[in-house]
Every structure is written in structure tokens, then in C-alpha cells.
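Asks: Quick one, what's the 3D model for this:
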Amino acid sequence: VGAAERREHPHALPPWVEAGAAVLCAAFCGLTGLASITLLAFQLALVLRGETTWERLKRHHLNAAAQLPPDERPYDRGP
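Replies: Below is the predicted model:
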């Protein structure tokens with residue numbers, strides 16, 4: 001391989017920029033993946049309990065409006 005072929009590309013980024021971009025990309029992918037896994041776990045827990053997202057997040061308001069105890073599920077129709 002000749003010296004002309006080993007020359008660096010004229011528009012190449014410095015190594016520290018490439019490394020920083022790789023770290024930022026990995027961090028973004030990791031955080032996005034963590035958020036997705038957390039949401040999946042939350043939704044699976046709701047399915048296993050037989051609840052809706054609305055019921056879980058607004059239970060306090062729904063139970064207060066229907067004059068139900070705070071721990072009762074407002075949309076539960078029994079077994």
C-alpha cells in the first residue's frame with residue numbers, strides 16, 4: 001500500500017469527535033431502551049392485574065367521584 005493510499009480523508013473528523021459521537025449515540029440508545037423496557041414492564045403488570053392504564057393513573061379521582069374506598073378498582077366487575 002503506497003503512501004498516497006494511506007493518507008487520511010481530508011474531511012475526516014478528529015478521533016475525539018468520533019468517540020464522543022459514539023458515546024452520545026450509545027447513551028441515547030441505552031436510555032431509549034431503558035424507557036421502553038420500563039414501559040413494557042408497567043404494561044405487563046397492568047395486564048396481569050387486569051387493570052387499564054387510565055384506571056391505574058386516575059384511580060384516586062375515579063374512586064372519589066364514585067365514593068369508593070381508595071384501594072378499590074373502579075372498573076372491576078368481579079371474577
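Asks: where exactly do the helices run in this structure?
Replies: Counting by DSSP state H, the chain has helices at residues 3-6, 15-49, 53-57, 59-66.
Asks: Between those helices, which one is closest to residue 75.
Replies: helix 53-57 (5.3 Å; C-beta to C-beta). The C-beta positions use only the backbone N, C-alpha and C, and glycine is treated the same way.
Asks: Mind giving me the packing neighbours of the closest one?
Replies: If you count contacts as 3 or more C-beta pairs under 8 Å, 6 or more residues apart in numbering; DSSP states H and E, helix 53-57 packs onto helix 15-49.
Asks: centre of the chain versus the helix it packs on, how much separation?
Replies: Its chain's C-alpha centre and that of helix 15-49 lie 6 Å apart, by C-alpha atoms, centre = their mean, to the nearest Å.
Asks: coming back round to it: please identify which of the helices of the chain is closest to residue 74.
Replies: Among these, helix 59-66 comes nearest to residue 74, with 4.4 Å by C-beta to C-beta.
Asks: Run through this structure and note the low-pLDDT ranges.
Replies: When residues are selected by pLDDT under 70, those of the chain lie in 1-8, 78-79.
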